[in-house]
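1. Here is my input; please provide its structure:
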Amino acid sequence: MTSFRRTAQRSAALAVTAAAALAVTFVPNPATADKDDRPARTVDVRLIGINDLHGNIEPPTGSSGRVTLSDGTQVEAGGAAYNATHIRNLQAEVRNSVVVGQGDLIGASPIVSALFHDEPTVEVLNKVGMDATAAGNHEFDEGYRELLRMQRGGCHPADGCQFRESYEGARFPILGANVTLAANDRPALPPFWVEFRDGVPIGFIGMPLKDVPILVDPNGIKELEFGDEIAAANRYADLLNWLGVKSIVLLVHQGDNTSGGGPDDCRTVAGGPGRKIAEQVSPKIDAVFSGHSHQHYNCTVIDPAGNPRPFIEGLAFGRELSVVDLKIDKRTREVIRSATVARNHVVTKTVDPDDDVQDIIDLAKSKSGPIANRPIGTIAQDVLRAQNAAGESALGNLIADGQLAATTGNGAVLALMNPGGVRADLTYASSPAGEGNGVVTYGEAFTVQPFGNILQTVTLTGTQLKAALEQQWQVVNGAQRQIILQPSAGLTYSWSASAPIGSKVSNIVLNGTPLDPNASYRVTINSFLQGGGDGFSAFTGGTAITGGGIDLDAFAAYLAANPNTAPPALGRITTTP
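-> Next up, the predicted model:
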C-alpha cells in the first residue's frame, strides 16, 4: 500500500530527477542543431480533463444527463462506461496523452458510489488511467483523514470494506498546491505532478478553491489551511521552471458561471473568479483547466506576458471531457502557444460502453440495489431544483418542509435549507422501480440529498434570523455572491435587488405574524449551516442546540407521509426593485 506522504515525496523526487536529466541534455549539440532555420522538432500531447464527476458512474438522469449545444438542441450524455470509451478513442487519435481531473470527482455522489464511500468511482478512474487530479471542495466532504484514505487505500474506519474485500486507493495523486497543515505550514497534499511524454516533462499544478472552509463541514478540516490560488500556482510554477519543467498546466477547482452557450462557446459572466485566476497566474503556465461552476466554456485568455492560453471547463457529471492539444518544442521544452487547440468533447451514448468499467458499475449496482431501489414515496409530477428569479425552488421548499416536519418535536417553527445541498431533480419518470408512475426510490432521494448532514434545531432571536437572511448576499474576493436559502412553509419575506448588502431583506413574516426582533425562534438547519457553511456565520450564534436525525431520513419520511406529493407552490420569497 502506497502512503500519501510517499506519494508527495515521489512527486518531488520525480521532479528533481527530471531536473538533473534535463540539466545534462538541455544544451543543444552543435552537430545536431537546426540549420537553415528549419522548424525544431515538436512533441504533440493531448490533455484530457474531467471535472465535477461527483461519483456519477451511471449515466445521470433528467437535465443532469443532457448537454445543450450552441444551437439550443440537446443530446443525452454521461456515464463512466461511455466516458471510458470516449477517452480511449481520444487517446487513439494521438501518440501522447495525459488524463487529468479538476476536482469534485468524488463527493455529493449518487448512492451507487456514495454507499461505498466513492470507492467504485476511484476504481473507475484507476481503470481509465487517470494520471493526476486537483482536489475539489467535495473531496473534503468527509474530512481530511478520509481524503488521505481515498489516496492511500485501506478500509473505512467505521464501515470497513463493503465494495471489495480491500480498497487499494487512487493510483493517481490528488493535488492541493494551496492546502497546508495549520500546525507547520507544510503541504498537506502533493502540490504538483510531472508526467513525461517522448522524454519531455509536463508539470501539473493542482488545487481546490481557497473557499473550501465555507463549503464543507469545518470539523473535518480543522488541521488545514487553504491559501490563495494565484499565489500558490505562481510559487510552484516558479519551482517547476527552476527544475527544468517548462510546459506547465494548472488544474484548478474554481470556475465561472455563464450566460448560456454550447460546449465551445465562451460566455462566462464578467468578473468571475475562474477568469481572474486564468488571466493572472504566471505566464509560465500554458493552460488552465477549471471546474466547480458546473458550466461549460472554452475560452482563450491573455496571460500577464501578453500570450494566449486556454481557459476551459467541461460540463459536470461526466457529460463532457475537456481536450487541449499541446505542441511542445522538443529542444526548449516550451509549449508553442500559437499551436494549442482546445475543445469540449461531449460524452455521447453513441459509442459502445467499456466492458471493464461497466463491470465495476454493475457490481456497485448489484450491491447497492436492494437499498437504492426501495420505494419510499410517490410524487405527482417532477419536483425541480431550478430556482426562480427570487432564488426559490420547488424542491428546496419541499426539503425544508420535510425538515420542519421532522423537528417539530424539538420546538422548530421554521426550517431553512441551503440550495447547494440540493443536488438533482426529483423526476416523475426516472425510477426503475416506478416505471413512470411517480414512485420515488431511496436511491433517487439519496441523489437529491447525498451529504448525510444532521439536522439541528437552534434558538435564534428575530435579529439573528434576519442577520442570517442578510448573509444570503456576500462579497467574496471582490465579487458579490448570492446564496438563497430555501424556506419552509409559513415563512415569507421580500428582498431588494437594489438595496445594499446587509439591508436587502424586509417584510419577514412567520405564520402570518411579522418577525419580532426581540423574540426567540426555534429554527432547524443542517449541521453544515450550523457550522457556518456557505458563509452563514450568523447561525453559529444559535443557542439551545438540539440534534435531529439525518437530513435524508427526514426527506424520506416526509415523502412517505405525503403520497403523491406535488411541488410546493413558489412565492415564499418575493423580490422588490
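
2. Can you give me the neighbour number for Ser476?
-> In this structure residue 476 is Val, not Ser. Look at Val476: counted by other Cβ atoms under 10 Å, it has 12 neighbours. (C-beta placed from N, C-alpha, C; glycine too.)

3. For it, list the residues it contacts.
-> 211, 535 (Cβ atoms under 8 Å, 6 or more residues apart in numbering).

4. So what pairs up with it in the strands?
-> Ala479 (DSSP bridges).

5. same check, this time on Ile48
-> Beta-bridge partners of Ile48, counted by DSSP bridges, are Val99, Val323.

6. Now do the same contact list for it.
-> 87, 90-91, 97-100, 321-323.

7. same question, Leu240
-> Leu240 neighbours (Cβ under 8 Å, 6+ apart): 15, 192, 194, 203, 205, 248, 284.

8. which among the contacts of Ile48 gets closest to Asp228?
-> The nearest member of the contacts of Ile48 to Asp228, counting by Cβ to Cβ, is Val100 at 22.0 Å.

9. these two touch, right, the closest one and Asn51?
-> No - here Val100 lies out of contact with Asn51, judged by Cβ atoms under 8 Å, at a distance of 9.3 Å.

10. And these two? Which one has more around it.
-> Asn51 (35 against 25).

11. which SSE is the residue lying closest to Ala394 once chain neighbours are set aside in?
-> Leaving aside its sequence neighbours, Ala394 sits nearest to Pro567 (Cβ to Cβ, 6 or more residues apart in numbering; 3.7 Å). Using DSSP states H and E, Pro567 falls within no helix or strand.

12. And the pLDDT at Pro567?
-> What the model reports for Pro567 is a pLDDT of 94.

13. what do you get for the one 10 residues further on?
-> At Pro577 the predicted local distance difference test score is 87.

14. now swap in Ala12 and tell me
-> 42.

15. Could you do Gln9 as well?
-> pLDDT, Gln9: 42.

16. quick revisit: just the closest of the contacts of Ile48 to Arg309, please.
-> Using Cβ to Cβ as the measure, the one of those that approaches Arg309 most closely is Ser322, at 13.6 Å.

17. so what's the closest one scoring on pLDDT?
-> pLDDT, Ser322: 98.

18. Let me know whether it touches Leu315 as I believe.
-> No - look at Ser322 against Leu315 with Cβ under 8 Å: they stay out of range, at 9.5 Å.

19. which one of these two has more residues nearby?
-> Ser322 (28 against 25).

20. List the residues that contact the more buried one.
-> 47-51, 102, 289, 298, 312-314, 342-345 are the contacts of Ser322 under Cβ under 8 Å, 6+ apart.

21. Most neighbours among those residues, which one is it?
-> Asn51 (35 neighbours).

22. and that one, what are its phi and psi?
-> Dihedral angles phi and psi of Asn51 (degrees, to the nearest 10) take the values phi -140, psi 150.

23. From Ala556, how far off is it?
-> Asn51 is 30 Å from Ala556, where distance means Cβ to Cβ, to the nearest Å.

24. Then Tyr442?
-> Taking Cβ to Cβ, one finds Tyr442 at 7 Å from Ala556.

25. Residues in contact with both of these two, list them for me.
-> Ile376.

26. Just to be sure, Pro201 is in a helix?
-> No - Pro201 is assigned strand when assessed by DSSP: H, G, I helix; E, B strand; the rest coil, not a helix.

27. thought it was touching Val335?
-> No - when contacts are counted by Cβ under 8 Å, Pro201 is not listed as touching Val335 (11.9 Å).

28. Please say which of these two ends up with more neighbours.
-> Val335 (26 against 23).

29. In contact with Ala557, which residues?
-> So Ala557 contacts 402, 405-406 (Cβ under 8 Å, 6+ apart).

30. sorry, that was for Leu90
-> 46, 48, 97, 321, 323, 345.

31. what ranges of the stretch 1-150 of the chain fall below the confidence cut-off?
-> 1-40 (pLDDT under 70).

32. Tell me how far Pro370 lies from Gln387.
-> For Pro370, the distance to Gln387 - Cβ to Cβ - is 34 Å.

33. More neighbours: which of these two?
-> Legend: neighbour count by other Cβ under 10 Å for Pro370 and Gln387, higher for Gln387 (19 against 9).

34. The more buried one reaches Val422, doesn't it?
-> No - under the criterion of Cβ under 8 Å, Gln387 is not in contact with Val422, lying 9.5 Å apart.

35. which neighbours do these two share?
-> Joint contacts of Gln387 and Val422 (Cβ under 8 Å, 6+ apart) are 393, 396.

36. For the chain, just list every one of the helices.
-> Secondary structure of the chain (DSSP state H): helices located at 4-25, 80-92, 111-114, 119-128, 144-152, 229-242, 273-280, 355-372, 394-406, 442-448, 462-470, 527-530, 551-561.

37. of those, which approaches Ile545 most closely?
-> helix 527-530 (7.2 Å).

38. quick one: that closest one to chain centroid distance?
-> 19 Å (Cα atoms, centre = their mean, to the nearest Å).

39. Quick check: mean pLDDT of it?
-> The average pLDDT within helix 527-530 is 88.

40. Now it: buried residues?
-> 527-530 (16 or more other Cβ atoms under 10 Å).

41. I'd like to know which elements that helix is packed against.
-> If you count contacts as 3 or more Cβ pairs under 8 Å, 6 or more residues apart in numbering; DSSP states H and E, helix 527-530 packs onto strand 454-461.

42. At the geometric centre of this structure, which residue do we find?
-> Asp104 (3.6 Å; Cα atoms, centre = their mean).

43. for that residue, phi and psi?
-> Residue torsions, per degrees, to the nearest 10, at Asp104 are phi 60, psi 40.

44. Next up, the contacts around it.
-> Contacts of Asp104 (Cβ under 8 Å, 6+ apart): 51-54, 136-139, 253, 291-292, 316.

45. and it, how far is that from Ile174?
-> With Cβ to Cβ as the criterion, Asp104 and Ile174 are 11 Å apart.

46. pLDDT weak spots in the stretch 351-500 of the chain?
-> 430-436, 477.

47. let's see it at 90
-> Applying pLDDT under 90 to the stretch 351-500 of the chain flags residues 371, 424, 427-437, 451-454, 456, 475-481.

48. thinking again about what came up before, Leu215 is nearest to which of the helices of the chain?
-> Among the helices of the chain, the nearest to Leu215 by Cβ to Cβ is helix 527-530 (8.8 Å).

49. what distance separates the start and the end of stretch 241-248?
-> The straight-line separation of the ends of stretch 241-248 (Cα to Cα, to the nearest Å) is 8 Å.

50. Kindly apply the preceding question to stretch 153-164 instead.
-> Distance across stretch 153-164, first residue to last, is 12 Å (Cα to Cα).

51. can you give me how far that stretch is from the chain middle?
-> 24 Å.

52. Also stretch 481-498?
-> With Cα atoms, centre = their mean as the basis, stretch 481-498 stands 25 Å off its chain's centre.

53. how about that stretch: buried residues?
-> Buried residues in stretch 481-498 (16+ other Cβ under 10 Å): 483-493, 495.
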